[in-house]
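**Q** based on what follows, work out the 3D shape:
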Amino acid sequence: MDSDGNYSFSPRVSARKEVVEFNVFFEKWLKGEVPNNDESYERLTGVIAKDATMVSHWGKGLSFIESLHAARRNHGLMQEKGFVLWVDNIMEQTLAEGVYLVTWQLWEQLAGEERKGYFATAIFIAKEGTPNGVVWLHFHETARAND
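**A** Purely as a prediction, here's the structure:
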């Protein structure tokens, strides 16, 4: 509460919300439900730190931004295939001021096929001017055993 008795809230930084929105957008990208243009694709690349890294579910270390640039050609790849992608069991921890760890489970499925699951972990750092106040610094994905 400020000196005038009013509540003032700083913008909420939410790495958890970033995980959800990023994956929703990526699903729409793969289904061709968003325009294939630079402005639209900026939703993905604009929230990745310049030196961000990732470890893919097959165990390869990559530049996160280069991986997204390569994935750009997959726009509409899952159109009309009954593809769904979703996340659950999301947990966010603050590691230090402006540094966040998020873990979640990522799922994908094509119509008529078994779902595939992944355990995912990411480290975010706070950055003003991004949709959720954070950028991705590291992302690690591990395939789940089929249960």
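
**Q** verify the contact between Arg144 and Leu106 for me.
**A** No. Arg144 lies out of contact with Leu106 (CB atoms under 8 Å); the separation is 9.1 Å. Quick note: C-beta positions are derived from backbone N, CA and C, even for glycine.

**Q** what pairs with the host helix or strand of Ala49, and is each one parallel or antiparallel?
**A** Using DSSP states H and E, Ala49 sits within strand 48-55. Strand 48-55 has the following strand partners under DSSP bridges: strand 61-63 (antiparallel), strand 134-143 (parallel).

**Q** report the buried residues of the lengthiest strand in the chain.
**A** Identified as the longest strand of the chain according to DSSP state E is strand 84-96. By 16 or more other CB atoms under 10 Å, the buried positions in strand 84-96 come out as Leu85, Val87, Glu92.

**Q** what packs against the helix or strand bottoming out on mean pLDDT in the chain?
**A** None of the helices or strands of the chain scores lower by mean pLDDT, DSSP states H and E than helix 64-71, at a mean of 89. Helix 64-71 is packed against helix 38-45, strand 48-55, strand 134-143, with contacts defined by 3 or more CB pairs under 8 Å, 6 or more residues apart in numbering; DSSP states H and E.

**Q** buried residues in the first one?
**A** Put plainly, it is helix 38-45. Tyr41, Arg43, Leu44.

**Q** contacts only, for the first one.
**A** With contact set as CB atoms under 8 Å, 6 or more residues apart in numbering, Tyr41 has these partners: Trp29, Arg72.

**Q** correct me if wrong: Trp29 contacts Leu44.
**A** Yes. Counting by CB under 8 Å, Trp29 touches Leu44, with 7.2 Å between them.

**Q** what about the lengthiest helix in the chain, average pLDDT?
**A** Longest among the helix segments of the chain by residue count, using DSSP state H, is helix 15-31. Average pLDDT, helix 15-31: 96.

**Q** check stretch 111-123 too.
**A** Stretch 111-123 shows a mean pLDDT of 95.

**Q** who touches that stretch?
**A** Stretch 111-123 is contacted from outside by 15, 19, 57, 81-83, 87, 95, 99-109, 136-144, 146, using CB under 8 Å, 6+ apart.

**Q** what subset of these is buried?
**A** By 16+ other CB under 10 Å, the contacts of stretch 111-123 give 15, 19, 57, 83, 87, 100, 102, 104, 106-108, 136-141 as buried.

**Q** perfect, that will be all.
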